[in-house]
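Asker: No sequence on hand, only this structure:
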């Protein structure tokens, strides 16, 4: 039964994909792409309603018939309400997600409810994960979906699902959104080797040596920079958020080299490099990454770290595409 | 979500709803069933209170193994309405006991819905319907609270939401109810498990029987005359005619019931009327004295002009008929009938027989003899009372020569016995007399307290002639009704109501509402549907056209419903600036630059400017207008109208060319 249902869902999903093509996010969900079916309790309700109708007809009781019709009409109204719960809901998603193999990817879905409908119990399903939340009238909400990712590589999710059983749970309505989410799954950080420079000299002192006196210019703000390095005066004059950067004489760039890990298995090598990236980043010293086909010049900060991790994720493997939820 | 454990509060809510639904059945169920269900609910609730789960399966099986055979012993079937309801109720109780997850809550909800419907198969009052709709409203709100993930919405909110769903369902339900084809006959034979006892008059009469009815205010039937009603003295509603007398009790003889009624010569005007019968579980229908036509195809007139049905009357029914109140029989009495209608035990009531012989010798003419007996009632100290003394076997002797206190049955019985002893064929007719006019609805109400007994005597050349001895002793009874005729200290249900005019008026108005309810709602059938279609100017209405009208009406209502449900999806109409801004965004989205959910107006304008420099100025200006309209203090620099006009004139696609 479950496999039949699964197969039907897959076919529907493929058909929806062909029908609507790729969606540009954010998307406001149109009623024509919302599907609805009774839950198993809805099927039971239908059976009871049929029994009520037959009883009313057989006993020729106008009151019983009226009551049965009222209940049936209520079910129909509830069906409309369930369908409405998703209609014209604005959906957006962060299109790039970083994760480590063997851990979880966290997707953030931004839902905006521009209507007066209280949209409760909206479930988002993406990969194997699901998250639920409510969006009150005229408000926005973020729903987090946490899904485990096993394989290193770049995974593209091309479809995710929004689903709701609210109100009453007699029906469930759902829709597929063809938004492209790229998941950069970096190798699981692991390894036993120390940083290449660790043997030569201590690395721990470099960050402390990064002093205020060696101001070398401004660079663009990125999250994660210590607040005391912010160029507040520039911001106050109405300029872009900027960060004062300093040339630290003591910080020799660390080169994380693929070639230094000869003789190891490919994934183990990548895992070791990944660990090094995280260690260097934690030590706040500039580092560069050199792997076959890709060289990233030494630098620091979150953007640099992500660039390195994504390079590791994308190494060698072709991109895989997954249907989604 | 489905496997969520049920909380104490959810359990309490659904148990309450189930209890309220079963309350509608409490009079028909065997007493131990509600007791058992309440016990199940309390046990489960106290377990939940202490944070414990449902009792083990063994307990449930034990309770079921006890309850189901008990039910079967009581009813011998599970097919009937009452037995089925009892079984369903027991199931609900067991389900309550084993409730663990939301799934069980759904099942109890379904049981509540069905039990409510079953109550409507038994009862038919407006209040019952209103009560059960209320119960279902509450159940629906409870279900909403129980099935929402996260914190349950508050009671007030849930009830309001449930009420809105009900209100939106109402028009569709109404269309279905009005236009869904009704069957003339049931789909299959309904097991007749009617537990209601026969009510009203029976086909035997001992002195004092009718006294019991006189204390009841229950409505026996209502009558609407097409034109003027006959005067009170002629409004006799014929029920069973009793022609067999054993000296104490009059019964309906089984011989001679069949056979066509003898032909009549109507003397007075014909009356056309509709009798709206309440179910009384007897075969006869009450018609005005001598009926000549009626619209019940299976009903037949018996030889004594009582209209009989093949089956006891278990549902309310309307009988349209024509009657005469004054007739002459054109054929002489058949010898066999004459013998029967003269018969009485020789060895009973000797003094009555003696008196009859004496009076017969004094009055040779039959009508003169009748008048003499009535005069005797009038002149001797006879009393009309609701509380007559009890009479023994020789009841007529005792009454005529001893107690002299009696109700209509006593006088009819004594009079007929005297006539028979004097050689005049006589019989007792039971039925109803008079009635109360409901001036608000222009129809007559006949209550059990209007039950009456009178006599008919055979006068050669005229046939059966109605003689009402009560009219001689208490003419007020026949002219104005019972309450005016009996002494003030007699017990009478309607007396204090009659003495409080506003109450009597309110009571009549309530009766009118009940009558409208019955006529318009309970008796709505194929005929009513045909009339409805005729009102809609549909020529030659039939079943097929009915279904077509139903489909059309449904389509209309569904359009309305869709509009109603989706109305709230639109932005509030007051927020003109927001809607206009949404239109601007939609135009830009159509041009390929959709606003991101998190993007504010200024940031969006900037991004548009980067992607489409040709639009930069216009969009920046419009977005700034929007921001100032929305968030800034009213500055007067830009009005809403200007902003609207700007957005209306904005053509991003046009620009591109």
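Answerer: Arrived safely, thanks for sending. All of these numbers come straight from a predicted model, not from anything done at the bench.

Asker: and residue A:298, which of the three is it?
Answerer: Of the three states, residue A:298 takes strand under DSSP: H, G, I helix; E, B strand; the rest coil.

Asker: try residue B:60
Answerer: helix.

Asker: give the contact list for it.
Answerer: Taking C-beta atoms under 8 Å, 6 or more residues apart in numbering or on different chains, we find residue B:60 in contact with B:94, B:97-98. No exception for glycine: its C-beta is placed from N, CA and C like everyone else's.

Asker: Apart from its chain neighbours, what residue comes closest to residue B:221?
Answerer: Counting by C-beta to C-beta, 6 or more residues apart in numbering or on different chains, residue B:221 lies nearest to residue B:277, which is 4.8 Å off, once chain neighbours are set aside.

Asker: Okay, now the unreliable bits of the stretch 151-300 of chain A?
Answerer: Applying pLDDT under 70 to the stretch 151-300 of chain A flags residues A:198-230, A:234-235, A:237-251.

Asker: what about the strands in it?
Answerer: Ranges of strands in the stretch 151-300 of chain A, per DSSP state E, counting those that start in this stretch, are A:153-157, A:160-164, A:171-177, A:181-186, A:215-220, A:242-246, A:254-257, A:287-291, A:294-299.

Asker: The second one: how far from the chain's middle?
Answerer: Same thing as strand A:160-164. How far strand A:160-164 lies from its chain's middle: 14 Å, per C-alpha atoms, centre = their mean, to the nearest Å.

Asker: Pull up the gap between residue B:38 and chain A, please.
Answerer: To chain A, residue B:38 is 24 Å away according to C-beta to the nearest C-beta, to the nearest Å.

Asker: and that residue, what is it in contact with?
Answerer: Per C-beta under 8 Å, 6+ apart, neighbours of residue B:38: residue B:19.

Asker: Going along the chain from the helix or strand hosting residue B:96, find the next helix or strand for me.
Answerer: Element membership for residue B:96 (DSSP states H and E) is helix B:81-97. Following helix B:81-97 in sequence order, the next helix or strand is helix B:102-122 (DSSP H and E).

Asker: Once you drop chain neighbours, what's closest to the residue nearest the centre of chain A?
Answerer: Residue closest to the average C-alpha location in chain A (C-alpha atoms, centre = their mean): residue A:107, at 1.7 Å. Nearest non-adjacent residue to residue A:107, counting by C-beta to C-beta, 6+ apart: residue A:145, 4.4 Å away.

Asker: Identify the residues contacting the one you found.
Answerer: A:106-107, A:109, A:124-127, A:129-131, A:160.

Asker: Most neighbours out of those, which is it?
Answerer: residue A:126 (28 neighbours; other C-beta atoms under 10 Å in any protein chain shown).

Asker: That one against residue A:158, yeah?
Answerer: No: using C-beta atoms under 8 Å, residue A:126 makes no contact with residue A:158, being 10.8 Å away.

Asker: can you give me the helices for the stretch 51-200 of chain A?
Answerer: A:62-84 (DSSP state H, counting those that start in this stretch).

Asker: Next: the stretch 401-550 of chain B.
Answerer: According to DSSP H, counting those that start in this stretch, the stretch 401-550 of chain B carries its helices in the segments B:408-421, B:469-473, B:475-480, B:482-485, B:495-498, B:501-516, B:526-535, B:543-566.

Asker: By mean pLDDT, show me the worst of those helices.
Answerer: When the helices of the stretch 401-550 of chain B are compared by mean pLDDT, helix B:495-498 comes last with a mean of 60.

Asker: which residues of chain B score low on pLDDT?
Answerer: B:1-4, B:184-198, B:254-258, B:487-499, B:571-575, B:632-638, B:653-657.

Asker: A strand includes residue B:644, no?
Answerer: No: using three-state DSSP, the assignment for residue B:644 is helix, not a strand.

Asker: Let me see the contact set for it.
Answerer: With contact set as C-beta under 8 Å, 6+ apart, residue B:644 has these partners: B:576, B:580.

Asker: Any figure for the gap between it and residue B:578?
Answerer: 12 Å (C-beta to C-beta, to the nearest Å).

Asker: Break chain B down into its domains, please.
Answerer: Per automatic domain parsing, the domain ranges recorded for chain B read B:8-153, B:204-498, B:576-656.
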